[in-house]
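Visitor: coordinates only, sequence not included:
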């Protein structure tokens, strides 16, 4: 009974950590877009948006990494499930926390800039047109982008994100010094943003895109946020999930599977086997198995 209560408490702590970390990510990221758009590019530009999202991811992982691993992204959580580093029954809990955190982050940005929104739009919130503001919160495709191209874009971008995260937290690879992992992951997102952002703005994260999109649907933009661009909304949800699995499988098959076993520490194995739940949480805490997304 005590173990069951302890497990519930631990899961609740992880839920709160994922919620808060994703909130930080969206507040910094969408906030940087809002400042750029609502100031009509006088107080921002594409580079400041890239920095905003990268900083948001980095700080979101610093906030939550020691408790939940700082995934902040269902695609990252799914990749960890595939690799056996997160129990599958925890996956929906993490996703719900991430979605709620992204929704709350979008609400905070809207509240922070409410007066600016009203002045910019004259009170008419729309996804298209000269005063469109829906793209502040969620991704929409460029005019040149096809459905297949958008899906491939998200698979490749998220695959690279997950692959690089696994390299950063892999203690048997070069890895990153303890405590520097979030900074390294932020740099990865910055690299993706400046090299893969043309097509649709590198959402790479189902929660970071769908959570704010749900908020905008309820806050005045309406169902246009889902129907625009031939119902584009599902691409930044499905694409990153596939990309996360692809990135995890590639790293496992080409790198992790070939690590030499003599560097392992067998003395620690008996202690870890005593409590599988503690092993998992310790592993997450030590390695900061985190995301992103944008």
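Guide: It's in. Only a predicted model underlies this, so the values are computations on that prediction, with no experimental measurement involved. Numbers count the residues shown, from 1 in each chain.

Visitor: State the distance spanning the first to the last residue of stretch 202-210.
Guide: End-to-end span of stretch 202-210 (CA to CA, to the nearest Å): 13 Å.

Visitor: and it, what's its mean pLDDT?
Guide: Here stretch 202-210 scores 98 as its mean pLDDT.

Visitor: Can you pull out the low-pLDDT segments for the stretch 1-150 of the chain?
Guide: For the stretch 1-150 of the chain, no stretch has pLDDT under 70.

Visitor: ok, now with 80
Guide: Applying pLDDT under 80 to the stretch 1-150 of the chain flags residues 1-2, 4.

Visitor: And for the stretch 151-294 of the chain?
Guide: Flagging of the stretch 151-294 of the chain using pLDDT under 80 yields the residue ranges 260-294.

Visitor: Could you rerun that using 90?
Guide: For the stretch 151-294 of the chain, residues meeting the criterion pLDDT under 90 lie at 259-294.

Visitor: can you give me the helices for it?
Guide: Along the stretch 151-294 of the chain, the stretches classed as helices by DSSP state H, counting those that start in this stretch are 181-195, 206-216, 224-231, 235-254, 269-274, 276-287.

Visitor: Which elements pack onto the helix or strand where residue 7 lies?
Guide: In this structure, residue 7 sits in helix 2-38 according to DSSP states H and E. Counting contacts by 3 or more CB pairs under 8 Å, 6 or more residues apart in numbering; DSSP states H and E, helix 2-38 is packed against helix 46-68, helix 91-112, helix 114-121, helix 206-216, helix 276-287. C-beta here means a position set from N, CA and C on the backbone, and glycine is covered the same way.

Visitor: nearest to residue 136, of those?
Guide: Nearest of the helices and strands packed on helix 2-38 to residue 136, taken as CB to CB: helix 91-112 at 7.5 Å.

Visitor: Same question for the closest one: list its buried residues.
Guide: 91, 93-95, 97-110 (16 or more other CB atoms under 10 Å).

Visitor: what does stretch 75-86 give?
Guide: 75-83, 85-86.

Visitor: can you check stretch 34-44 too?
Guide: Buried, per 16+ other CB under 10 Å, within stretch 34-44: 34-38, 44.

Visitor: from those residues, which is closest to residue 208?
Guide: In terms of CB to CB, no member of the buried residues of stretch 34-44 lies closer to residue 208 than residue 34, at 14.7 Å.

Visitor: Contacts only, for the closest one.
Guide: By CB atoms under 8 Å, 6 or more residues apart in numbering, the contact set of residue 34 is 109, 112-113, 116, 136.

Visitor: Turn the buried residues of stretch 34-44 into CSV, including distance to residue 11.
Guide: Shown next, in CSV, are these (distance: CB to CB, whole Å):
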residue, distance to residue 11
34, 33
35, 36
36, 38
37, 38
38, 39
44, 39
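
Visitor: now, which of those residues sits nearest residue 206?
Guide: Lowest distance from residue 206 to those (CB to CB) belongs to residue 34, with 21.2 Å.

Visitor: now residue 93: how far from residue 145?
Guide: Counting by CB to CB, to the nearest Å, the separation of residue 93 from residue 145 is 34 Å.

Visitor: Right, I'll leave it there.
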